[in-house]
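Trainee: Next input, structure requested:
(one chain, ligands or ions: 1)
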Amino acid sequence: MADVVLRVAGISKRFGGLQALSDVGLTIQRGQVYGLIGPNGAGKTTFFNVITGLYTPDAGSFELAGHAYKPTAVHDVARAGIARTFQNIRLFADMTALENVMVGRHVRTHSGLIGAILRTRTFKEEEAAIARRAQELLDYVGIGRLAEYKARTLSYGDQRRLEIARALATDPQLIALDEPAAGMNSTEKVVLRELIDRIRKDGRTILLIEHDVKLVMGLCDRVTVLDYGKQIAEGSPYDVQRNEKVIEAYLGHSHKPTGETAAAPVGEQR
Ligand SMILES: Nc1ncnc2c1ncn2[C@@H]1O[C@H](COP(=O)(O)OP(=O)(O)OP(=O)(O)O)[C@@H](O)[C@H]1O
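Mentor: Numbers count the residues shown, from 1 in each chain. The predicted model follows:
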């Protein structure tokens, strides 16, 4: 049987009179890059917020690496094995890049508050190991030379890479990236694409929300498309970008293929 990292079924979420998610489900296999796309307001971020414990769903079931799990507190979700980045970067601006990654790593440490206060030998050894691992992760995402710089002094693209390093520091089963290419120029996007590819090749599983449909189609193994909170398509990038409902959702009206004037695949329309 294939190795499933995340299986969610029947997720619904309502905000007052607005049904932000209706009966959404997906299954992500280990080692996949799984894309979640859809027009503005489709429910992508709400879905991320539900699976990472920021919002409580009205309905739905969750399974992480074969175990039922309930995304409640954000910290518990990180411990269970899901790490995320945010659409609006959330770093500790006045901490160094290295310290930001070390914070992520603390999810996996044991010596606790008493050890920190007493500065026990175990605590010091653990801190040194965390710092070494944090530096490795900064090197891995390509910003090792910036370890001692404060997060707020980093370029936008480097801050996004720092967020990814911090997410990786928790040793996640699944890393969820919320619009990692937002605001990046084309050179930064190429570097980002290489990084995500590398993370996948190194055996990680990635869930990706991204507005850059070309990036999604080039990177993802499977794609789910949301529109007004409903799942309108699921499949390979090739199939999804030729799906009539998807084309309609992106263009706002239906295109009937008619030879030369047939609707272009979604990735080529943007
Ligand atoms: N906390 C909230 N309270 C009320 N409505 C919300 C809340 N969060 C999201 N919504 C609404 O739910 C719908 C889905 O929003 P969501 O942010 O999930 O969409 P999205 O697909 O991520 O959009 P975008 O691509 O613009 O980020 C929108 O209509 C949004 O206004």
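Trainee: measure whichever residue of the stretch 51-200 of the chain sits closest to the ligand to residue 33 for me?
Mentor: Using CB to the nearest ligand atom, the closest approach of the stretch 51-200 of the chain to the ligand is made by residue 87 at 6.3 Å. Backbone N, C-alpha and C define where each C-beta goes, glycine included. Residue 87 sits 18 Å away from residue 33 when distances are taken as CB to CB, to the nearest Å.
Trainee: So for those two, which sits in the more crowded spot?
Mentor: Neighbours per residue (other CB atoms under 10 Å) separate residue 87 from residue 33, with residue 33 holding more: 23 against 15.
Trainee: Verify the stated contact: that one with residue 217.
Mentor: No. Counting by CB atoms under 8 Å, no contact exists between residue 33 and residue 217, whose distance comes to 11.1 Å.
Trainee: per-residue confidence at residue 103?
Mentor: Looking at residue 103, its pLDDT reads 83.
Trainee: can you check residue 86 too?
Mentor: The predicted local distance difference test score for residue 86 is 82.
Trainee: Can you report how many residues neighbour it?
Mentor: The burial count assigned to residue 86 is 18, neighbours taken as other CB under 10 Å.
Trainee: just residue 73 next, same as before
Mentor: If you count neighbours by other CB under 10 Å, residue 73 ends up with 11.
Trainee: Repeat that for residue 172.
Mentor: A total of 22 residues lie near residue 172 under the criterion other CB under 10 Å.
Trainee: Beta-bridge partners for the closest residue in space to it that isn't next to it in sequence, please?
Mentor: Counting by CB to CB, 6 or more residues apart in numbering, residue 172 lies nearest to residue 83, which is 3.8 Å off, once chain neighbours are set aside. For residue 83, the residues forming beta bridges with it (DSSP bridges) are residue 175.
Trainee: quick one: pLDDT of residue 83?
Mentor: According to the model, residue 83 scores 91 on pLDDT.
Trainee: so where is this protein shaky, pLDDT-wise?
Mentor: In the predicted model, the chain carries pLDDT under 70 at residues 1-2, 106-119, 251-270.
Trainee: need the residues of it near the ligand, please.
Mentor: 15, 18, 20, 38, 40-46 (CB under 6 Å from any ligand atom).
Trainee: Go again with 5 Å.
Mentor: 15, 20, 40-46 (CB under 5 Å from any ligand atom).
Trainee: just checking, which of those residues belong to strands?
Mentor: Among the residues of the chain next to the ligand, the subset assigned to strands under DSSP state E consists of 15, 20.
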